[in-house]
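Trainee: I'll drop the sequence and a predicted model, then ask my questions.
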Amino acid sequence: ASNFSSLVVGAKYSLGANRAATANLAVPAGNVDDPGLSIGIMNTTALAAGFDLNAQLQLGLLKGYTGGTGMVVDALIEPSKVFNDRFVGYLDVLITSNTNSFSNFLAVNLGPNLDIGLSDGTVLNLSVTLGLTGDAKQAKTGLTAILLRAM
């Protein structure tokens, strides 16, 4: 709550019914002095009782993501549940490290979040994140609000 931390602009491109490619640009703003680029692949698998399991592997490049050291590797494991046509809940487990020194940069963070459908194609995502374990885990509780627009 003390200051604006970062601004990321991204896109997701469908590669089929259950898979997508992602690209994000960290914009020099807030605590980010240099641009960063990440690319990734996502997959969704249907589980029992109306739950889905989303998984993503993402590689962070350029100084804005890496801090100038190695390449950032993110793995996301995200069970999700559709409650109705307006609300979807997620429980994100994000595992992050850096190719320069995997154990020194390891972080496991938890981020429960909720999608709220505002109108056709527009969604507000609200999230709380906290660090679970690892030398580089998130030190403070984070709050995130993301406005998503399907195009």
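Mentor: Everything's here; your move. Bear in mind the structure is a predicted one, so any value in this text is a computation, not a measurement.

Trainee: and the gap between residue 39 and residue 94?
Mentor: Between residue 39 and residue 94 the distance is 17 Å, computed by CB to CB, to the nearest Å. (C-beta placed from N, C-alpha, C; glycine too.)

Trainee: who has more neighbours, those two?
Mentor: Taking other CB atoms under 10 Å, residue 39 and residue 94 do not tie; residue 94 has more neighbours (19 against 13).

Trainee: isn't that one right up against residue 72?
Mentor: No: between residue 94 and residue 72 there is no contact under CB atoms under 8 Å: 11.4 Å.

Trainee: which residues sit against the helix or strand of the chain with the lowest mean pLDDT?
Mentor: In the chain, the helix or strand scored least confidently by mean pLDDT, DSSP states H and E is helix 63-66, which has a mean of 84. With contacts defined as CB atoms under 8 Å, 6 or more residues apart in numbering, helix 63-66 is touched by 26-28, 32-38, 60, 72, 98.

Trainee: burial of the nearest residue to residue 26 once chain neighbours are set aside, as a residue count?
Mentor: Using CB to CB, 6 or more residues apart in numbering and skipping the chain neighbours, the partner closest in space to residue 26 is residue 36 (3.4 Å). Burial of residue 36 is recorded as 21 neighbouring residues (other CB under 10 Å).
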